[in-house]
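>>> take this sequence and fold it.
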Amino acid sequence: MPDSLALDLARVQFGFTISFHIIFPAITIGLASYLAVLEGLWLYTRKPLYRDLYHFWARIFAVNFGMGVVSGLVMAYQFGTNWSFFSEFAGGITGPLLAYEVLTAFFLEAGFLGVMLFGWNRVGPGLHFLSTLAVAVGTLISAFWILASNSWMQTPQGFEIIDGRVVPTDWLAVIFNPSFPYRLLHMSVAAFLATALFVGASAAWHLLRGNDAPAVRKMFSMALWMVLVVAPVQALIGDLHGLNTLKHQPAKVAAMEGHWGGESEPGEGFPLLLFGWPDMAAETTRFAVGVPRLGSLILTHSWDGTIPGLKDFPAEDRPNATVVFWSFRVMVGLGLLMILLGGLGLLLRRRGRLYRSRAFLRFALAMGPAGLVAILAGWYTTEIGRQPWVVQGLLRTGDAVSPHAPATLALSLALFVVVYLFVFGAGIAYVLRLVRKGPVAEEGTGTTPGGPGQQRHAMRPLSAVAEEQ
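Numbers count the residues shown, from 1 in each chain. A predicted model of the protein is given here:
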């Protein structure tokens, strides 16, 4: 058995690096599709504001894309350094899935990213639009393979265990495992929603400071339409995902609900706890405030339905209900605020006050990071709720970690914290600086620096924002 402190440090280190990494692909997925929509509208309408918004958000996309690539490389190395027994056990499945992501998504993005960022004046409009679409599709393909790998760890199937290692026997079963469709939809929609909130908050910031330019109004309007439509859809997907999780990972759902079992008489159903503090040692949820029977109605779609409680599982097989209970409520609470934001936006739009209500603009600004915080909270719910398993029912987390000394892991964790806060903190600050500049109306036909006869040499992605430095 590994040292418990070493195991905790390895988990914290991976959790820290993935928390930084996940925010960049989420915004990359959303912004890539947003750029495709903007360019499509520009080609269809020839309205300059769509072109101006495209160039504005393309610069932010370039910085975000670069940070996403760098932060993702570190995680790949950690599978070999900190989780070598996991790689040995499940590498026959996770390795090919991650390789497919590189061979399809990353190559597609890398092949067309340069044309998208630097080809506005160098290639025809059709080819440039195709390049933007290719990058957008590439981000979604990347999410497909990453979530196929992670979903297999949640609900594994299509394999045999030979000589202590997982061997795939049916790749379609491996990829399209029971939780994969729900998790792919949930994460993809979350990325679109987080991006819409980020775009909306950026526009709200400018509107509050008197920048009432048509491009600012347009991106605020587009963001709120997206929130209005997508936030309720995400709630529906979340409900379906919860039912799937109840079927395949009931201990996780019990932890999410702080449900220990035996709290109510047969036929009474069980309540939906709004607040409380699950006490793992006492096997109870203290200070519970709930709505009677509502938990049964939501989770079983029955007034008196029941689900397994945490006491139905051995103590060593229970996730940390205290963390999972609250991370789930953070995600759901923010989701309800997103639905409220979309609804209020529709009401103010109909009254002609969408761009003038300062209280609503402040609300939209405050909700800017809500999508990313909800993604992190949902990710913690998913991953911590799977514990103590790294591959559900097959490999425990304690058996997957590499045999490092706690001091080694503590030192590397400290270095990660320092470097990440410096590097990615600077990157995020630069993105916010670009946001503060706002979209700029371009003169003439909408050409950007770097046209025929200018800057003909190859350029790096971050060069797309050089003129803003």
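>>> what's the burial count for the closest residue in space to Leu207 that isn't next to it in sequence?
Leaving out its chain neighbours, the residue that sits closest to Leu207 by C-beta to C-beta, 6 or more residues apart in numbering is Leu361, at 5.4 Å. Quick note: C-beta positions are derived from backbone N, CA and C, even for glycine. Leu361 is flanked by 22 other residues according to other C-beta atoms under 10 Å.
>>> isn't Leu361 right next to Leu208, touching?
Yes. If you go by C-beta atoms under 8 Å, Leu361 and Leu208 touch, sitting 5.1 Å apart.
>>> show me where the stretch 351-469 of the chain has strands.
Secondary structure of the stretch 351-469 of the chain (DSSP state E, counting those that start in this stretch): strands located at 389-391, 395-396.
>>> and the last one, how far from the chain's centre?
Translated: strand 395-396. 25 Å (C-alpha atoms, centre = their mean, to the nearest Å).
>>> cool, stretch 205-213 as well?
Worked out by C-alpha atoms, centre = their mean, stretch 205-213 lies 29 Å from the chain centre.
>>> same check, this time on stretch 395-403
That offset, for stretch 395-403, works out to 26 Å (C-alpha atoms, centre = their mean).
>>> how about stretch 221-235?
16 Å.
>>> contacts for it, please.
37, 186, 189-190, 192-193, 196-197, 199-200, 203, 335, 338-339, 341-343, 345-346, 349, 354, 364 (C-beta atoms under 8 Å, 6 or more residues apart in numbering).
>>> report the buried members of the residues you listed.
The neighbour count (16 or more other C-beta atoms under 10 Å) marks 37, 186, 189-190, 192-193, 196-197, 199-200, 203, 335, 338-339, 341-342, 345, 354, 364 as buried among the contacts of stretch 221-235.
>>> now name the helix or strand holding Val12.
Using DSSP states H and E, Val12 falls within helix 4-45.
>>> picking that back up, okay, the strands of the stretch 351-469 of the chain, which one's buried deepest?
Ranked by mean neighbour count, the strands of the stretch 351-469 of the chain are led by strand 389-391 with a mean of 22 (mean count of other C-beta atoms under 10 Å).
>>> ok, and what's touching that one?
For strand 389-391, using C-beta under 8 Å, 6+ apart, the contacting residues are Trp83, Phe86, Phe89, Ala90, Trp152, Met153, Pro156, Val166, Leu395, Arg396, Thr397, Ala400.
>>> residue ranges with poor pLDDT in the stretch 251-400 of the chain?
Scanning the stretch 251-400 of the chain for pLDDT under 70 picks out 262-268.
>>> recalculate using a threshold of 50.
For the stretch 251-400 of the chain, no stretch has pLDDT under 50.
>>> distance of the closest residue to Phe56 other than its chain neighbours relative to Phe220?
Sequence neighbours aside, Pro439 is the residue nearest to Phe56 in space, at 3.9 Å (criterion: C-beta to C-beta, 6+ apart). From Pro439 across to Phe220, the span is 11 Å (C-beta to C-beta, to the nearest Å).
>>> one more: Leu98?
38 Å.
>>> what about these two, which has more around it?
Shown here are Leu98 and Phe220; by other C-beta under 10 Å, Phe220 has more neighbours (23 against 17).
>>> ok, and the closest non-adjacent residue to Asn244?
Nearest to Asn244 is Tyr182, by C-beta to C-beta, 6+ apart, at 5.0 Å.
>>> contacting residues for the one you found?
Shown in contact with Tyr182 (C-beta under 8 Å, 6+ apart): Ile237, Leu240, His241, Asn244.
>>> which of those are buried?
Buried among the contacts of Tyr182 by 16+ other C-beta under 10 Å: Ile237, His241, Asn244.
>>> next, give phi and psi for the last one.
Phi and psi for Asn244, reported as degrees, to the nearest 10, are phi -70, psi -40.
>>> that one and Pro178 touch, don't they?
Yes. If you go by C-beta under 8 Å, Asn244 and Pro178 touch, sitting 6.6 Å apart.
>>> rewinding a little: could you check which helix or strand contains the residue nearest to Asn244?
Counting by DSSP H and E, Tyr182 is part of helix 180-208.
>>> re earlier: after the helix holding Val12, next one along is what?
Immediately after helix 4-45, counting by DSSP H and E, sits helix 48-81.
>>> pull the number of nearby residues for the spatially closest residue to Ala364 that is not a sequence neighbour.
Counting by C-beta to C-beta, 6+ apart, Ala204 is the residue found nearest to Ala364 once chain neighbours are left out, at 4.0 Å. Residues contacting Ala204 under the criterion other C-beta under 10 Å number 25.
>>> equivalent analysis for Lys437, please.
11.
>>> what's the pLDDT at it?
Note for Lys437: predicted pLDDT of 89.
>>> now Phe424
88.
>>> same question for Ser463.
52.
>>> does Pro319 really touch Lys252, like I thought?
Yes. Pro319 is within contact range of Lys252, at 6.1 Å (criterion: C-beta under 8 Å).
>>> what do these two both touch?
Gly385, Arg386.
>>> related to what we said a few turns ago, roughly how far does the residue nearest to Leu207 sit from Asp52?
From Leu361 to Asp52 the distance is 21 Å (C-beta to C-beta).
>>> ok, Gly352 next?
24 Å.
>>> cool, Thr45 as well?
Thr45 is 13 Å from Asp52, by C-beta to C-beta.
>>> now swap in Val174 and tell me
45 Å.
>>> next one: Phe118
Taking C-beta to C-beta, one finds Phe118 at 18 Å from Asp52.
>>> surely Gly164 meets Phe89?
Yes. Counting by C-beta under 8 Å, Gly164 touches Phe89, with 7.0 Å between them.
>>> these two: which is more packed in?
A direct count of neighbours by other C-beta under 10 Å for Gly164 and Phe89 places Phe89 higher, at 21 against 8.
>>> list the contacts for the nearest residue to the more buried one once chain neighbours are set aside?
Leaving aside its sequence neighbours, Phe89 sits nearest to Leu395 (C-beta to C-beta, 6+ apart; 5.4 Å). Contact analysis of Leu395 by C-beta under 8 Å, 6+ apart lists Phe85, Phe86, Phe89, Ala90, Trp389.
>>> Leu395 pairs with what?
Note on Leu395: beta-bridge partners by DSSP bridges are Val391.
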